[in-house]
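Asker: Based on what follows, work out the 3D shape:
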Amino acid sequence: MKINKQNKNNKEVSIIYGDDNSINVNIFNNKILMEIVGSFDNNLKELEKISGSKIYFRGNSIAIKGDKDKNENVKNAIEYLIDRFKTDKQIDRNDIIASLNTDMVKDMKNQSTVQPLEEVIKTPKRSVIPRSKKQKEYVRSLKTNQITISLGPAGTGKTYLAVAVALTMLLEKKVERIILSRPAVEAGEKLGFLPGDMKDKVDPYLRPLYDSLYDLLDYDRIQRKIESGAIEIAPLAFMRGRTLKNSFAILDEAQNATETQIKMFLTRIGENSKLVVNGDPSQVDLPNKNKSGLIKSKSILKGIKEISVVNFDHQDVMRHPLVTKIVEAYQKNTNDKG
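Answerer: Numbers count the residues shown, from 1 in each chain. A predicted model of the protein is given here:
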């Protein structure tokens, strides 16, 4: 016996459950269907690889076969992706991965399918939407607080979301420049012996920040803004003695900054400026790991209302599900030792 369930709020999709635990998701909007399936069925192949279910596509129907619980997860993932497409008008690999995160899917089901405008970060190349509760909290903090400190594993969107908010504020003329910085620990902050000018010396250490910029704005426009000084690249050591006015400054990889360095960075704040400090306490590269000032600064500053602290964990990781499991395992090991 087959059971047909149609979402009362969505006449574009119907779900049919088969006697053999199979599930058929029928999508009647061809544009949505093609986006869910992906070029050369790549999205479905990715879902199949991650979930362990078998997924078949024919006509306007996506058939899911295999274990009952896994099939239900894939069905929920497809519904999640449909909602994502309606909001963002596109689906990327991070959405595919997020779709199989059961916490995020539950969160989506508890909300309206329309994303609140204040949570959407609109840049020239794409609209960026925070996917987890912590990411939403983080974006709200970036927009409303003068200083935001975020801690958490790689892949949680700390850098990307901060750059996206900074870029929109620059383009909307709410700030006059973006400053991207990080401690060049691998070079011991002694960059003089490296070839090239300061930008050439520090560029390799700021590559993740560049990658985020180029994903959100055309390469030529980024280059022009760097040349005009609207986007500035500077190692942390070069921030000393400055006052940052009308600026959005991001200190990335802050787990490799000492307490003194983080204090120095935070006290650069000037009129109409925002500062962001991002780091992963589990990836300290300092010779003496106890010298990392990130966790200590979080504790020292927690009572100041203008400063928001956001803690990410493995549930917020937007990379391959195996990365989430690895991060969770290391996090558990750290907690057990503590």
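Asker: Going by C-alpha atoms from here, please, whenever you check contacts or count neighbours.
Answerer: Fine.
Asker: what's the span of stretch 15-22, first residue to last?
Answerer: Length of stretch 15-22, first residue to last, C-alpha to C-alpha, to the nearest Å: 11 Å.
Asker: do stretch 13-25 as well
Answerer: End-to-end distance for stretch 13-25: 7 Å, by C-alpha to C-alpha.
Asker: likewise stretch 224-234?
Answerer: 17 Å.
Asker: For Asn71, see how far away Phe57 is.
Answerer: Distance, Phe57 to Asn71, by C-alpha to C-alpha: 14 Å.
Asker: now Leu44
Answerer: Distance from Leu44 to Asn71, counting by C-alpha to C-alpha: 13 Å.
Asker: what's the answer for Ser282, then?
Answerer: To Asn71, Ser282 is 35 Å away according to C-alpha to C-alpha.
Asker: Those two: which is more packed in?
Answerer: A count of neighbours by other C-alpha atoms under 10 Å puts Asn71 above the other of Ser282 and Asn71, at 23 against 16.
Asker: right, and the more buried one touches Ile50 too?
Answerer: No. Judged on C-alpha atoms under 8 Å, Asn71 makes no contact with Ile50 at a distance of 12.0 Å.
Asker: Tell me how far Lys158 lies from Asn30.
Answerer: Lys158 is 35 Å from Asn30, by C-alpha to C-alpha.
Asker: Look at those two and report which has more neighbours.
Answerer: Higher neighbour count among Lys158 and Asn30: Lys158, with 25 against 12, using other C-alpha under 10 Å.
Asker: residues touching that one, list them.
Answerer: Contact partners of Lys158, counting by C-alpha atoms under 8 Å, 6 or more residues apart in numbering, are Ser150, Gly152, Asn278.
Asker: pull the helix or strand with minimum mean pLDDT from this structure.
Answerer: helix 102-109 (a mean of 54; mean pLDDT, DSSP states H and E).
Asker: Adjacent strands (with direction) for the next helix or strand after that helix?
Answerer: Downstream of helix 102-109, the first helix or strand assigned by DSSP states H and E is strand 121-122. When sheet partners are counted by DSSP bridges, strand 121-122 sits next to strand 127-128 (antiparallel).
Asker: quick one: contacts of the helix or strand following the partner strand?
Answerer: Following strand 127-128 in sequence order, the next helix or strand is helix 133-144 (DSSP H and E). Helix 133-144 is contacted from outside by 104, 107, 118-119, 130, 148, 150, 156-157, 161-162, 165, 274, 276, 308, 310-312, 316, using C-alpha under 8 Å, 6+ apart.
Asker: Give me the below-cutoff pLDDT ranges for this protein.
Answerer: 1-10, 102-118, 185-202, 318-321, 323-324, 327, 331, 334-338 (pLDDT under 70).
Asker: Quick check: the residue nearest to the spatial centre of it vs Asn24, distance?
Answerer: Nearest residue to the geometric centre of the chain (C-alpha atoms, centre = their mean): Gly157, 2.0 Å. Distance, Gly157 to Asn24, by C-alpha to C-alpha: 33 Å.
Asker: Could you do Asp88 as well?
Answerer: Plainly put, Asp88 is 25 Å away from Asn24 if you go by C-alpha to C-alpha.
Asker: More neighbours: which of these two?
Answerer: Each of Asp88 and Asn24 has its neighbours counted (other C-alpha under 10 Å); Asn24 has more, 23 against 15.
Asker: Next, the more buried one: secondary structure please.
Answerer: Look at Asn24: counting by DSSP: H, G, I helix; E, B strand; the rest coil, its state is strand.
Asker: The spatially closest residue to it that is not a sequence neighbour: how many residues sit nearby?
Answerer: Excluding its sequence neighbours, the residue lying closest to Asn24 (C-alpha to C-alpha, 6 or more residues apart in numbering) is Ala63, at 4.4 Å. Ala63 has 20 neighbouring residues, counting by other C-alpha under 10 Å.
Asker: Double-check Ala63 against Ile55; I have them as touching.
Answerer: Yes. Taking C-alpha under 8 Å as the definition, Ala63 is a contact partner of Ile55 at 5.6 Å.
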